[in-house]
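S.K.: just a sequence and a predicted model for now, questions to come.
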Amino acid sequence: MFNIVEGAANYMDADNTKLRAIPAIDRLLAVAESCDDLKHYPRELIAGFLRKAAADAREQVRQGLDPDTSPEALVTYAKDLLAQASQPSLRRLINATGVVLHTNLGRAPLSKRARVCVAGIMEGYSTLEYNVTNGQRGSRYAHVSEQLRKLTGAEDTLVVNNNAAAVMLVLSALAKGREVIVSRGELVEIGGSFRVPDVLKQSGATLVEVGTTNKTHLYDYEQAIGPNTAAILKVHTSNYCIVGFTSKPAESELAALAHKYNLPVIEDLGSGTLMPLALGGQTEPAVTGRFAAGFDIVTFSGDKLLGASQAGIIAGKAHYISMMKKHPLLRAIRIDKLSLAALEGTLMDYLLGNPVYDVPVLAMLSASDSQLKERALKLKELIAQHTRPGITIEVVRVESPAGGGALPAAVLTGYGVVVAVPNLSANQLESRLRQRNVPIIVRVQDDNVLFDVRCLSEADLEEIAQVLHNIM
Ligand SMILES: *Cc1c(COP(=O)(O)O)cnc(C)c1O
């Protein structure tokens with residue numbers, strides 16, 4: 001008993017000596033002040049990080065550890081804390097998942113022209129709501145209106161914060177307090193709790209469900225039309241498909257029915273594409289076709305298949321759009337100038353360039369087998385340059401979805417590189433790759449780490465090889 005207490009007392013002494021060895025903040029500050037890379041920071045800020053460094057060292061001593069408590073070591077530790085604090089939470093990462101429109105990874109990377117447009121207005125004032133021709137107040141909606149009219153064939157267009165907001169505005173402006181008819185096959189939930197019945201309710205419209213999950217006929221719609229009907233709503237079943245025993249009326253028939261009763265057909269296209277796409281065994285019709293079929297209003301996202309910034313695009317008949325332009329909700333969901341600039345740049349790619357080449361989303365989705373195989377071989381070669389015995393690097397065939405609720409049935413085939421490192425499980429390697437300043441997000445498949453090369457640039461390939469070299 002006595003011995004134990006004595007032992008504890010000795011331990012406390014050692015502890016106290018170590019604690020006393022931790023330099024005072026003034027002493028640490030003096031060392032920090034001689035560091036060139038800390039010169040530009042306010043003294044009080046540096047003092048804060050030094051205090052934290054000293055506190056962490058004290059805590060380690062209390063836990064029985066033996067940290068280096070030299071002033072130099074503590075200043076270096078404080079510099080690491082400063083570097084961590086300087087790292088934005090929202091930052092670039094490398095997408096090696098192969099999913100092009102990955103909602104969690106920021107959806108569409110921007111085209112070069114889009115980035116130039118954003119950079120151009122980022123640094124100062126802009127023509128956001130100013131008309132330089134007459135020196136009067138202008139409209140932020142005017143900047144992309146003509147391009148969108150050209151690209152969609154619509155009479156008029158309006159751009160808001162995102163497509164969810166676009167649907168909300170359309171329904172509020174055209175159907176508040178009245179009924180909207182929707183097929184039961186289209187009462188979908190899109191990721192992020194966007195549920196068609198809930199959105200309708202929020203907009204103040206009443207949902208009238210017709211048909212069944214797999215089949216809705218023209219007469220189902222017609223029977224539901226009454227004196228309080230405001231519109232027929234079609235919803236793209238973005239992230240799933242109903243296959244087999246299904247049917248729905250032809251678009252032109254549905255439009256003709258609606259127009260017979262003076263009702264608009266509204267379509268939430270979700271992804272929406274400005275050019276017809278046929279990928280991975282599935283086709284996505286272009287927006288232009290919806291107006292040819294007789295639809296009155298369509299809405300779609302800016303950052304899905306279109307490949308621009310977050311935005312919601314509303315296109316259609318001018319008299320309906322003018323009701324939305326006057327609606328008070330518009331002010332609450334207006335698009336910001338950076339998104340607008342990126343959108344304009346991307347639309348210019350469509351009008352003045354070669355979108356399949358210039359717009360990253362389209363380039364990645366339509367990359368050919370030989371392009372992807374070449375990229376995978378390149379990655380393998382770069383990794384192999386730094387390899388050590390026992391490491392497996394293999395080019396494999398891969399399949400991936402398009403993502404972003406676009407082309408749900410499409411399976412895109414491409415290439416990837418599988419890497420296995422001895423003494424490091426796939427999950428451990430995945431986690432190391434993820435927890436970096438520039439995270440590398442991979443797929444883990446059969447206890448291997450897989451780099452799908454579809455979304456990787458030349459620079460990404462180099463970076464991945466370099467990082468693996470450091471880890472291995
Ligand atoms: C993605 C999607 C939305 C939401 O679009 P955001 O631009 O993400 O707001 C709405 N409806 C459908 C059918 C979608 O696919």
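M.R.: Sure, I can see it.

S.K.: isn't residue 415 right next to residue 375, touching?
M.R.: Yes: under the criterion of CB atoms under 8 Å, residue 415 makes contact with residue 375 at 7.1 Å. (Glycine included, C-beta is placed from N, CA and C.)

S.K.: residue 165 sits in which helix or strand?
M.R.: helix 163-175 (DSSP states H and E).

S.K.: and the contacts of that helix?
M.R.: Defining contact as CB atoms under 8 Å, 6 or more residues apart in numbering, one finds that helix 163-175 is touched by 158, 160, 180, 194, 199-200, 202-205, 230-231, 233, 264, 266, 268, 270, 297, 299-302, 311-314, 320, 323-324, 327, 329-330, 333.

S.K.: do stretch 237-256 as well
M.R.: 183, 185-186, 188, 190-191, 211, 213-218, 221, 232, 234, 257, 265, 270-271, 290, 293-296, 405-406, 408-409.

S.K.: and it with the ligand, contact?
M.R.: Yes: for a cut-off given as CB under 6 Å from any ligand atom, stretch 237-256 has contacts with the ligand, namely residue 238.

S.K.: and that stretch, how far apart are its ends?
M.R.: Taking CA to CA, to the nearest Å, stretch 237-256 runs 22 Å from one end to the other.

S.K.: list the buried ones in it?
M.R.: 237, 238, 239, 248, 249, 251, 254, 255 (16 or more other CB atoms under 10 Å).

S.K.: and the closest residue to the second one other than its chain neighbours, what is it in contact with?
M.R.: Closest residue to residue 238 apart from its sequence neighbours, by CB to CB, 6 or more residues apart in numbering: residue 405 at 3.1 Å. With contact set as CB under 8 Å, 6+ apart, residue 405 has these partners: 101, 190, 191, 236, 238, 239, 270, 271, 304.

S.K.: helix/strand/coil for residue 405?
M.R.: Here residue 405 is recorded as coil under DSSP: H, G, I helix; E, B strand; the rest coil.

S.K.: look up how far the ligand lies from it.
M.R.: 4 Å (CB to the nearest ligand atom, to the nearest Å).

S.K.: picking that back up, looking at the buried residues of stretch 237-256, spot the one nearest residue 75.
M.R.: Residue 75 lies nearest to residue 239 out of these, by CB to CB, at 51.5 Å.

S.K.: low-confidence regions, the stretch 1-150 of the chain specifically.
M.R.: For the stretch 1-150 of the chain, the stretches with pLDDT under 70 are 1-14.

S.K.: how many residues are close by residue 416?
M.R.: Residue 416 is flanked by 31 other residues according to other CB atoms under 10 Å.

S.K.: one step back: need the residues touching each of residue 415 and residue 375.
M.R.: Shared contacts of residue 415 and residue 375, defined by CB under 8 Å, 6+ apart, comprise residue 453.

S.K.: report how many residues lie close to whatever residue of the chain ends up closest to the ligand.
M.R.: In the chain, the residue that lies nearest the ligand is residue 270 (2.4 Å; CB to the nearest ligand atom). When counting by other CB under 10 Å, one arrives at 25 neighbours for residue 270.

S.K.: who are the contact partners of it?
M.R.: Contacts of residue 270 (CB under 8 Å, 6+ apart): 163, 190, 235, 236, 238, 300, 301, 304, 405, 406.

S.K.: now the second one: phi and psi?
M.R.: The phi/psi pair for residue 190 (degrees, to the nearest 10) reads phi -90, psi 160.

S.K.: what's across from it in the sheet?
M.R.: residue 194 (DSSP bridges).

S.K.: what's the spacing between it and residue 182?
M.R.: Going from residue 190 to residue 182 by CB to CB, to the nearest Å gives 14 Å.

S.K.: compare the two and say which is more crowded by neighbours.
M.R.: Of the pair residue 190 and residue 182, residue 182 is the one with more neighbours under other CB under 10 Å, namely 26 against 21.

S.K.: wait, residue 314 touches residue 297, no?
M.R.: Yes: the pair residue 314 and residue 297 passes the contact test of CB under 8 Å, sitting 6.6 Å apart.
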